[in-house]
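Q: next comes the sequence, and after it the predicted model I'd like to discuss.
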Amino acid sequence: MRVHAGKLALVTGASRGIGRAIAERLGADGAYVIVHYNRAVEEAEVTLASIRSSGGQGILVQSDLAEAEGANVLVSRVTSVLTTQFADPRLDILVNNAGVGGGAPFADATPVDFDRTVTVNLRAPFFVIQGLLPHLRDGGRIINISSIGTRAAFAHMAVYAPAKAGLEALTRILANELGRRGITVNAVSPGATATDMNPRARDPKTAQAVASTIALGRVGRPADIAAIVAVLASPDGAWITGQTIDASGGQRL
């Protein structure tokens, strides 16, 4: 029996990269996966096809989390899926993965950069959790995707890292608050991972330079992060809460 058989999961930003890998892994482990995307509908369809090819099931849900009402739109659409398609409309796993990189150093960051980065990386997860909490099953899992930028100083993360640090603080607060319901809340902090958001980790030449800063000697793969999320979402993760798990292979120790 697959570990997540019969469970319902939502993965935000699941059209590609780490989000896709997480959705694929949860689907392969038996979960019905609600695949959230913004504009990349074709890529989201690839994610869904991959889930189905491994014997899993899922559905696509669109929302632009950079918009002020984006989180509320997502909550409304996910709630509709839950209440119209399932006899027991409760979510088991919520993975807040959707994010945008803040590529500007402090001196160059603009109010537009700041607002968009904080909205997607902190405000949206906050209100997605708040809106879906009534539908989250007791004993459920909330997993927030953060970044090692909260512990290591990267100049180009002047907006991105503080937003993710806020997400980690929210993780601890909610772990304490929701423990009485048996809900665990954790964050996972990837290091350099070969995704579209991190072209240096994808390019063979620059990836080699980045790998020299990583104890395990290579950049991460999306599947590496998905494996950690899968453990936290499983019964084996039931005694872990309020933690930020470093998923960097030992980058910049």
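A: Yes, it's here. Source: prediction; values computed, not measured.

Q: what about the residue nearest to residue 195 when sequence neighbours are not counted, how many neighbours?
A: Spatial nearest neighbour of residue 195, chain neighbours left out: residue 17 (3.6 Å); criterion: CB to CB, 6 or more residues apart in numbering. Placement of C-beta: from N, CA and C, glycine included. Close neighbours of residue 17, defined as other CB atoms under 10 Å, add up to 21.

Q: contacting residues around residue 17?
A: 193, 195, 196, 197, 222 (CB atoms under 8 Å, 6 or more residues apart in numbering).

Q: show me these that map onto strands.
A: The strands, defined by DSSP state E, take in nothing from these.

Q: among these, who's most crowded?
A: Result: residue 193 is most packed of the contacts of residue 17 (other CB under 10 Å), 24 neighbours.

Q: the closest residue to it other than its chain neighbours: how many residues sit nearby?
A: Nearest non-adjacent residue to residue 193, counting by CB to CB, 6+ apart: residue 220, 3.9 Å away. Residues within reach of residue 220, counting by other CB under 10 Å, total 24.

Q: so residue 220 sits against residue 246, correct?
A: No - if you go by CB atoms under 8 Å, residue 220 and residue 246 don't touch, sitting 11.2 Å apart.

Q: between those two, what contacts are shared?
A: Listed as contacting both residue 220 and residue 246 by CB under 8 Å, 6+ apart are residue 191.

Q: that older thread, now the contacts of residue 17 in TSV, with distance to residue 6 and pLDDT?
A: Converted to TSV, these look like this (distance: CB to CB, whole Å; pLDDT from 0 to 100):
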residue	distance to residue 6	pLDDT
193	30	93
195	30	86
196	33	77
197	32	74
222	25	96
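
Q: contacts only, for residue 243.
A: Contacts of residue 243 (CB under 8 Å, 6+ apart): 171, 175, 186, 187.

Q: and the pLDDT at it?
A: At residue 243, the model reports a pLDDT of 98.

Q: residue 141 falls within a strand, correct?
A: Yes - checked against DSSP: H, G, I helix; E, B strand; the rest coil, residue 141 lies within a strand.

Q: mind listing the strands for the stretch 1-150 of the chain?
A: Remark: strands assigned in the stretch 1-150 of the chain by DSSP state E, counting those that start in this stretch are 8-11, 32-37, 57-62, 91-96, 136-145.

Q: mean neighbour count, those strands: which tops it?
A: Most buried of the strands of the stretch 1-150 of the chain, by mean neighbour count (mean count of other CB atoms under 10 Å): strand 8-11, with a mean of 30.

Q: from residue 195, how far off is residue 92?
A: From residue 92 across to residue 195, the span is 26 Å (CB to CB, to the nearest Å).

Q: could you do residue 134 as well?
A: 33 Å.

Q: just confirm residue 11 contacts residue 36, I think it does.
A: Yes - using CB under 8 Å, residue 11 is in contact with residue 36, at 6.5 Å.
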